[in-house]
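>>> Mind folding the following:
(one chain, ligands or ions: 1)
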Amino acid sequence: MRPASQPRARGAEAEAARHAAIKATLDGLRAREDLRARRGADPVDFVHRYARRADRELVALVSANLAFGNVKAIRMKVADLLGRVGPSPARAADDEARLHAALDGWKHRVFTGEDVARLLVGARRVQREDGSLGAAFARALRDADRTAPSEHEGLREALAAFCDRLRVAGGLPLPGQSKRSDRRGPVNLLSNPRAGGGAKRLLLFLRWMVRPADGIDLGLWPIPARRLLMPVDVHIHKLSNNLGFTKRADVSWRTAVEVTTALARYDAEDPTRYDFSLCHMGMLQRCPSRRDPVRCEGCGVKPVCIRWRGGARASTPPAAATSRKRTA
Ligand code: SF4
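Down below sits the predicted model:
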């Protein structure tokens, strides 16, 4: 008779082989990508156009937090906004009246020039008080870590406190302070991680600032990359479902934690390393989340995709992934 432990051992072997295949696929995807060329199609490209750290922080904060909707529209709107602000956003934000005048009439979705001017003025004040946004965030993280039950919760509370500080400094309403009838732009410009959402735009901003400089991310802030969480947009969500990183149908903070925990198996010190490659592949591939020989052609994760390998049995896409718009 076969010992009962043999099937278990075979299951563990198969699991290990699958993880090895996923890691090889993710590393291959990143190695093949022309990062410079793809950066030109990404809002992070704006940040690289500035030399001074203070300007880079402000441009990153604004570009990431306006990353709502179609990536081409985002880039057009951010380019217009930065053109109005002038060569040094930090210097521009020192002159509040002039900045408001320069951004008068600018609009992207629910956000107006006034909302962005308030954000820039608030962020600039925090830069002057703490030396940099990075120093302010590092302080918020140290404070949050003292009482948070986990590192992920520490990150969430630090992000929330950091955003509250920017809001107060710039005159944007705190979450819960605006009335139903108020315009949504001022309160939504910075998301509220305490509310349970995925805070994708804030996590994207953090990735740009924290991950080691690699031509995409800038490595400006003194925070270990292992503390980052994945900014889960519609593309990352679909791919994460298709690779088995999460079964969750929502794009929530819990989903970001699950996806990041899965990716930490492949790089524990830098789990968001694959974010840029996966997101850009998702944008190009327009994944159908089902086995489709035409649309799956050329997909970089096809060898390890559950939908592709499972064929018809795994062909039902997660509800949230199919109902959300394409975003940057
Ligand atoms: S193989 Fe097809 S279903 Fe799977 S991730 Fe790629 S495009 Fe999506």
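
>>> contacts, neighbours, all on C-alpha from now
Noted.

>>> buried set for stretch 98-111?
Within stretch 98-111, the residues that count as buried by 16 or more other Cα atoms under 10 Å are 99, 100, 102, 103, 106, 107, 108, 111.

>>> Which of those residues fall in strands?
The strands, defined by DSSP state E, take in 107, 108, 111 from the buried residues of stretch 98-111.

>>> so, if you compare those, which one comes nearest to residue 282?
Distance to residue 282, by Cα to Cα, is smallest for residue 108 among those, at 23.9 Å.

>>> Show the model's pLDDT score for the residue nearest to the closest one when sequence neighbours are not counted.
Spatial nearest neighbour of residue 108, excluding adjacent residues (Cα to Cα, 6 or more residues apart in numbering): residue 77 at 6.5 Å. For residue 77, the pLDDT comes out at 95.

>>> from what I can see residue 77 touches residue 111, true?
No. With contact defined as Cα atoms under 8 Å, residue 77 does not count as touching residue 111 (10.8 Å).

>>> And the lengthiest helix in the chain, what does it pack against?
Scanning the chain for the longest helix, with DSSP state H as the assignment, gives helix 5-32. When contacts are defined as 3 or more Cα pairs under 8 Å, 6 or more residues apart in numbering; DSSP states H and E, helix 5-32 packs onto helix 275-285.

>>> Report the residue spans of the stretch 151-300 of the chain with pLDDT below the cut-off.
Along the stretch 151-300 of the chain, segments meeting pLDDT under 70 span 181.

>>> What segments of it are helices?
Using DSSP state H, counting those that start in this stretch, the helices of the stretch 151-300 of the chain run over 151-170, 185-188, 200-210, 234-242, 253-264, 275-285.

>>> buried sites along the longest one?
If I follow you right, that is helix 151-170. Within helix 151-170, the residues that count as buried by 16+ other Cα under 10 Å are 152-167, 169-170.

>>> Point out the residues in this protein that sit beside the ligand.
By Cα under 6 Å from any ligand atom, the residues of the chain that approach the ligand are 239, 242, 285, 287-291, 296, 299, 301-302, 305, 307-308.

>>> please redo it, this time with the cut-off set to 5 Å
Neighbours of the ligand within the chain, by Cα under 5 Å from any ligand atom: 287, 289, 290, 296, 299, 302, 305.

>>> now the residues you listed as CSV including neighbour count?
Below are the residues of the chain next to the ligand laid out as CSV (neighbours: other Cα atoms under 10 Å):
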residue, neighbour count
287, 20
289, 23
290, 22
296, 18
299, 16
302, 17
305, 23
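
>>> What is the nearest of these to residue 7?
For the residues of the chain next to the ligand, the closest approach to residue 7 (Cα to Cα) belongs to residue 305, at 23.9 Å.

>>> Tell me the confidence at that closest one?
96.

>>> For residue 12, see how far away it is.
The gap separating residue 305 from residue 12 is 19 Å, by Cα to Cα, to the nearest Å.

>>> Likewise for residue 182?
Taken as Cα to Cα, the span from residue 182 to residue 12 is 55 Å.

>>> now swap in residue 230 and tell me
27 Å.

>>> These two - which one has more neighbours?
The residue with more neighbours, out of residue 230 and residue 12, is residue 230; 27 against 12, by other Cα atoms under 10 Å.

>>> Would you confirm that that one contacts residue 273?
No. Using Cα under 8 Å as the test, residue 230 is too far from residue 273 to be in contact (9.2 Å).

>>> Overlap of the contact sets of the two?
Residues within reach of residue 230 and of residue 273 at once, by Cα atoms under 8 Å, 6 or more residues apart in numbering: there are none.

>>> which ones are touching residue 26?
274, 301.

>>> Give me the distance between residue 171 and residue 163.
12 Å.

>>> Revised request: answer the last question for residue 120.
Taken as Cα to Cα, the span from residue 120 to residue 163 is 12 Å.

>>> for residue 114, same thing?
Noted for residue 114: a distance of 17 Å to residue 163, by Cα to Cα.
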